[in-house]
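Peer 1: coords please:
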Amino acid sequence: MHRSYSLPLILAATLFSAELHAADLAYEPQPSSMEVDDYVAAKPFDWTRIYAGIHGGYAHNDFTGTTGDNSGFVGGAQIGADMHLGTMVLGAELEGTYLGGKGSRLKSNHDTKVNQTSILAVKGRVGAAMDRTLVYGTAGLAVSKIDVDGANSDHGSWKAGYLVGAGIEHAFTDRMSLRAEYNYLGLAKDYEVGRSGNVDLRNHVFKAGINYRF
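Peer 2: Down below sits the predicted model:
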């Protein structure tokens, strides 16, 4: 009599144990939200934005045909836009810079002083993005205000030329970035300073800046 009851109980216990084992095999614990976040790769920084900023630095103004050093500190502002395409960044920028040099005297007429006071430039840039760091080259057109003070000389004018350079920029937040840049400007060759003489106008500009990206 006891055997007839014990056999079904043993079979039921065996089947129940098998079901539990199968359920354990089928169950896979799901990772927590924190673990999921750890598995997701960080999204690369996107340089596609409009930006505006300020810059400052130093300009070495190489005026052949003059004596004295017209070099000095510079300061200005810029506004531009970038487009991020794969690892390449294409951009355009408008920049204005004030030059703090004191001017230099003509070799042919020491009574005449030539002073470069400001630069306006329209530039394009092409760069390679390494996440938040951008290395780029730049080129464009520039015009500069040249003041002339002396006898038999005009009172200055705007002179046009070309600009080439290179730089590096790093975005330390999603909105703010820092950059350092070098520009070479060839502005005028054999610039006639009234009847006093001719000069060549060239600049080496080293500057650092900060941009806010909208």
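Peer 1: Please identify which helix or strand holds residue 74.
Peer 2: Element membership for residue 74, per DSSP states H and E: strand 72-85.
Peer 1: A helix includes residue 109, no?
Peer 2: No. Applying DSSP: H, G, I helix; E, B strand; the rest coil, one finds residue 109 to be coil, outside a helix.
Peer 1: Verify the stated contact: it with residue 198.
Peer 2: No. Assessed by Cβ atoms under 8 Å, residue 109 is found out of contact with residue 198, at 11.3 Å. Using the backbone N, CA and C atoms, a C-beta is placed for each residue, glycine as well.
Peer 1: Could you check which of those two has the larger neighbour count?
Peer 2: residue 109 (17 against 14; other Cβ atoms under 10 Å).
Peer 1: what sits against the spatially most central residue of the chain?
Peer 2: When Cα atoms, centre = their mean is applied to the chain, the residue found nearest the centroid is residue 169 (3.9 Å). By Cβ atoms under 8 Å, 6 or more residues apart in numbering, the contact set of residue 169 is 127, 133, 134, 136, 177, 178, 179, 211.
Peer 1: Dump these to TSV, plus neighbour count.
Peer 2: Converted to TSV, the contacts of residue 169 look like this (neighbours: other Cβ atoms under 10 Å):
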residue	neighbour count
127	23
133	14
134	23
136	22
177	23
178	14
179	19
211	23
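Peer 1: What is the most widely separated pair among these?
Peer 2: 127 and 178 (14.8 Å; Cβ to Cβ).
Peer 1: still on that earlier bit, buried residues, whichever helix or strand comes after the strand holding residue 74. List them.
Peer 2: Downstream of strand 72-85, the first helix or strand assigned by DSSP H and E is strand 88-99. For strand 88-99, burial by neighbour count (16 or more other Cβ atoms under 10 Å) applies to 89, 90, 91, 93, 95, 97, 99.
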